[in-house]
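> Got a predicted structure plus its sequence, pasted below:
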Amino acid sequence: MRKKMVFRLAAALVFISASFHLNAQLAFSGQLRTRTELRDGYGTLESVGSQPAFLTSQRTRLTFNFHSGHVTLQASVQDLRVWGADASTISNADGSRLGVHEAWAELVLSDARDSSFKRPAFEYLSLKIGRQELVYDDQRLLGNLDWLQQARRHDAVVLKWRNKGWQADLGAAYSQNTDAFNYNGTYYTPANLPPYIKDSKGNLVPTPSGLVPLANASGISARSGSPLLANAPSTNGMNQNYKSMQFLYVARKVHRMNLSALLFADEFGKYTLDSVRSVVGADTGYIYGRRFASSGVNARVTAGLLLAGPLNKQNDLRFTAGAWYQGGKNKDGLDLSAFMSTISLSYVMGNFTCTTGWDYLSGNDGFSSSPSDHRFDPLYGTPHKFWGIMDYFYAGTGSSAGGLSNPFVKIKVAAPDGRMSLGLDYHYFAMAAAQKDQKGLPLNKYLGSELDLVGNYALNKNATLELGLCGLAASGSMEYAKGIAPGTARLAAHWAYLQVNVKI
């Protein structure tokens, strides 16, 4: 039913657009992207004796963009699914995977290029309201995470200002679960809860209303509620959505380089630990979780600078350096003091590019008695782009409590006609801070090495083919970083995928 409504809406928009003045523009674009994967250690190590997984996922996206005068309106509808997840004959019980990825309007308040503004105060000033992507710089801290089929977006308002080479964006968001009349206060449950959860006796039961379960699968002890190492920050607000956020982004070109500053504040609701009794037959178990019905928030602030651009007139040497500090409170209310740095140098010769660099994200020292948290969380960025495309760090599977030290080398070669390219990346992974093993002895900081080979080929102007072959050779410390019992995982991991991306 929803799909029929989308296509009816598209047809109606086409009909209505014919009646607008000639300066009005209505554009449509679409995307169909399928990705077939062979997973044998993608994201985390597999247990001894496990078998590889094979699957195909698909994103279908339809985008409408309307521009007239001082208003731009865009809506993007997407359908996400894994092939075979739905029965061949759909019933109402199967639910819907159709969702809105973007739905925003940008109101232009000043534009020096538009003659309808008689005396524009600035070169450009606009207000963008609604569901939108936040993409800044290289997407290290704020990005659309387009690699994931569902991608990333925010429900926010952003004021955009451009004048005399300066850029400044000021944004804010405030999250709530419902607009029901009898919903009092501003308490916010910050998760998309699974419909079912296992209780302490292992029985699969419906998730209690308003309770965010402490599930073993997410790296948390179901009984004590204490986080395990695998529950470290994972570039999504420490595994939960924010209650509110505000940010200021400022950028300016300095000679050939681009210098940008980001100040980002996000707040997380306070919670209390709770349990719900679960009776299944003769079993009496409990579901442990967090209830976000407490007043106040835990506020976190991230600030830093990024410098990027060519070092010479030939543009064959490109430099990137950045540093960010994170302070305030983490989502659990602990004092937070963490930092991240990056530095890289790229050499470009025709269609050949070689980049070498080092990323460092602080972590907690296992031998320290400090009650503060020193794990840096790379906010709402695109970790797949930086710390290995097998997504072992700061993606959906979290990272080590010891942080990450990642020297890397990336090589890319493109065909003269631009239709084909081949890239080879090497990552050396180590913990940034010392950790203890189960006997209390120092753990080897080296986590493993990853090699990623990715080829792209343009079938035509609308379709591209991407093939990836990846391997990870892990050390025993990787088991520790992923919260896996020592000696129970295979330390050699592999992943392959074939992706077809069609855009119109």
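Received, thanks. Quick caveat: nothing in here was measured; it's all calculated off a predicted structure.
> and residue 50, how many residues sit next to it?
12 (other C-beta atoms under 10 Å). Where C-beta positions appear, they are placed from N, C-alpha and C, glycine not excepted.
> That should have said residue 118, apologies.
Neighbours of residue 118 (other C-beta under 10 Å): 5.
> how much space is there between it and residue 435?
As judged by C-beta to C-beta, to the nearest Å, residue 118 and residue 435 stand 64 Å apart.
> Could you list every helix and strand in contact with the strand or helix carrying residue 472?
According to DSSP states H and E, residue 472 maps onto strand 463-474. Counting contacts by 3 or more C-beta pairs under 8 Å, 6 or more residues apart in numbering; DSSP states H and E, strand 463-474 packs against strand 446-458, strand 492-503.
> and that strand, C-alpha only, in PDB?
What follows is strand 463-474, C-alpha atoms only, in PDB (Å, rounded to 0.1, in the frame of the first residue of the first chain):
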ATOM      1  CA  ALA A 463      25.600   1.900 -13.600                       C
ATOM      2  CA  THR A 464      28.800   1.000 -11.700                       C
ATOM      3  CA  LEU A 465      30.200  -2.400 -10.600                       C
ATOM      4  CA  GLU A 466      32.300  -2.700  -7.400                       C
ATOM      5  CA  LEU A 467      34.200  -5.700  -6.200                       C
ATOM      6  CA  GLY A 468      35.900  -6.000  -2.900                       C
ATOM      7  CA  LEU A 469      38.300  -8.600  -1.500                       C
ATOM      8  CA  CYS A 470      39.400  -8.100   2.100                       C
ATOM      9  CA  GLY A 471      41.400 -10.100   4.700                       C
ATOM     10  CA  LEU A 472      42.400  -9.500   8.300                       C
ATOM     11  CA  ALA A 473      45.100 -11.300  10.200                       C
ATOM     12  CA  ALA A 474      44.300 -10.700  13.900                       C
END
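> How far off centre is the helix or strand following it?
Scanning forward in sequence from strand 463-474 by DSSP H and E, the next helix or strand is helix 476-481. Computed by C-alpha atoms, centre = their mean, to the nearest Å, the separation of helix 476-481 from the middle of its chain amounts to 24 Å.
> Go ahead and produce CSV holding the CA coordinates of helix 476-481.
Listed next in CSV are the C-alpha coordinates belonging to helix 476-481 (Å, rounded to 0.1, in the frame of the first residue of the first chain):
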residue,chain,number,x,y,z
GLY,A,476,45.0,-12.8,20.2
SER,A,477,44.5,-9.2,21.5
MET,A,478,41.6,-8.8,19.0
GLU,A,479,39.6,-11.3,20.9
TYR,A,480,40.0,-9.1,24.0
ALA,A,481,39.0,-6.0,22.0
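> Any buried residues in that helix, and which?
With burial defined by 16 or more other C-beta atoms under 10 Å, the residues of helix 476-481 counted as buried are 476, 477, 478, 479, 480, 481.
> swap in stretch 480-493?
Buried, per 16+ other C-beta under 10 Å, within stretch 480-493: 480, 481, 482, 483, 484, 489, 491, 493.
> ditto for stretch 390-410
Buried residues in stretch 390-410 (16+ other C-beta under 10 Å): 390-395, 397-406, 408, 410.
> repeat for stretch 61-71
61, 62, 63, 64, 66, 67.
> Specify the beta-bridge partners of the fifth one.
Note on residue 66: beta-bridge partners by DSSP bridges are residue 26, residue 73.
> Report the separation between the closest residue in space to residue 383 that isn't next to it in sequence and residue 404.
Spatial nearest neighbour of residue 383, excluding adjacent residues (C-beta to C-beta, 6 or more residues apart in numbering): residue 394 at 4.1 Å. Using C-beta to C-beta, one gets 8 Å for the distance from residue 394 to residue 404.
> Need the overlap of contacts for these two.
Jointly contacting residue 394 and residue 404 under the rule C-beta atoms under 8 Å, 6 or more residues apart in numbering are 361, 387.
> Which one among the buried residues of stretch 480-493 sits at the bottom for pLDDT?
Ranked by pLDDT, the buried residues of stretch 480-493 bottom out at residue 483, which has 84.
> Give me the secondary structure label for residue 461.
Per DSSP: H, G, I helix; E, B strand; the rest coil, the secondary structure class of residue 461 is coil.
> residues in contact with it?
Residue 461 neighbours (C-beta under 8 Å, 6+ apart): none.
> ok, so what distance separates it from residue 348?
Distance, residue 461 to residue 348, using C-beta to C-beta: 25 Å.
> Repeat that for residue 327.
Residue 327 is 37 Å from residue 348, by C-beta to C-beta.
> Same list (the buried residues of helix 476-481) but as JSON lines, adding distance to residue 27.
Output for those, formatted as JSON lines (distance: C-beta to C-beta, whole Å):
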{"residue": "476", "distance to residue 27": "54"}
{"residue": "477", "distance to residue 27": "51"}
{"residue": "478", "distance to residue 27": "47"}
{"residue": "479", "distance to residue 27": "50"}
{"residue": "480", "distance to residue 27": "51"}
{"residue": "481", "distance to residue 27": "46"}
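> Let me know the closest of those residues to residue 50.
Residue 50 has its nearest neighbour among the buried residues of helix 476-481 in residue 479, at 14.1 Å by C-beta to C-beta.
> just checking, that closest one touches residue 448?
No. Using C-beta atoms under 8 Å, residue 479 is not in contact with residue 448; the gap is 10.5 Å.
> Compute the number of surrounding residues for residue 254.
Other residues close to residue 254 by other C-beta under 10 Å number 11.
> residue ranges of the strands in the stretch 51-200 of the chain, please?
53-68, 71-82, 98-111, 124-132, 154-163, 166-174, 196-198 (DSSP state E, counting those that start in this stretch).
> between those, which one is nearest to residue 207?
strand 196-198 (4.9 Å).
> Tell me which strands that closest one pairs with, and in which orientation.
As defined by DSSP bridges, the strand partners of strand 196-198 come to strand 204-206 (antiparallel).
> Only the buried residues of the partner strand, if you could.
Burial within strand 204-206, assessed by neighbour count using 16+ other C-beta under 10 Å, is assigned to residue 205.
> The helix or strand following that strand pairs with which strands, and in what direction?
Next helix or strand after strand 204-206 toward the C-terminus (DSSP H and E): strand 212-213. Here strand 212-213 is paired, per DSSP bridges, with strand 283-291 (antiparallel).
> Rounded mean pLDDT for the strand it pairs with, please.
90.
> Kindly report the same for stretch 358-371.
92.
> which residues touch it?
232, 334-335, 338-344, 373-376, 378, 386-387, 394, 399-408, 431-436, 442-443.
> Which ones among the residues you listed lie within strands?
335, 338-344, 404-408 (DSSP state E).
> which sections of the stretch 1-150 of the chain are below the confidence cut-off?
Residue ranges of the stretch 1-150 of the chain with pLDDT under 70: 1-24, 83-97.
> sorry, back to before: now the helices and strands packed on strand 463-474 in JSON lines, with distance to residue 194?
Shown next, in JSON lines, are the helices and strands packed on strand 463-474 (distance: least, C-beta to C-beta, whole Å):
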{"stretch": "strand 446-458", "distance to residue 194": "29"}
{"stretch": "strand 492-503", "distance to residue 194": "25"}
